[in-house]
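S.K.: here are the coordinates; sequence isn't available:
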């Protein structure tokens, strides 16, 4: 569940840059958004792997 909380924190942290990029037109904020989206992608891949491992371990038990 810790990874889910990390994911939520990343999404919450992106709100300011989202506003700066879309409403104010700051391109640097777009760069930060892309970086955070990449971090989210990596975290999601880790979560998928963890879920799969738990699922397999439950099957074998």
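M.R.: Perfect, thanks for sending it. Because the structure is predicted, anything quoted here is derived from the model rather than measured. Residues are numbered from 1 along each chain as shown.

S.K.: pLDDT score assigned to residue 60?
M.R.: On the pLDDT scale, residue 60 is placed at 89.

S.K.: tell me, how many residues neighbour it?
M.R.: Other residues lying near residue 60 total 5 when counted by other C-beta atoms under 10 Å. (C-beta placed from N, C-alpha, C; glycine too.)

S.K.: residue 18 too?
M.R.: Residues lying near residue 18 (other C-beta under 10 Å) number 16.

S.K.: hmm, it is touching residue 32, no?
M.R.: No: at 9.6 Å, residue 18 and residue 32 do not qualify as touching, with contact defined as C-beta atoms under 8 Å.

S.K.: list residues touching both of the two?
M.R.: Common contacts of residue 18 and residue 32 (C-beta atoms under 8 Å, 6 or more residues apart in numbering): none found.

S.K.: so the residue sitting nearest the centre point of the chain is in which element?
M.R.: Closest to where the C-alpha atoms of the chain average out (C-alpha atoms, centre = their mean) is residue 40, at 2.3 Å. Element membership for residue 40, per DSSP states H and E: helix 27-60.
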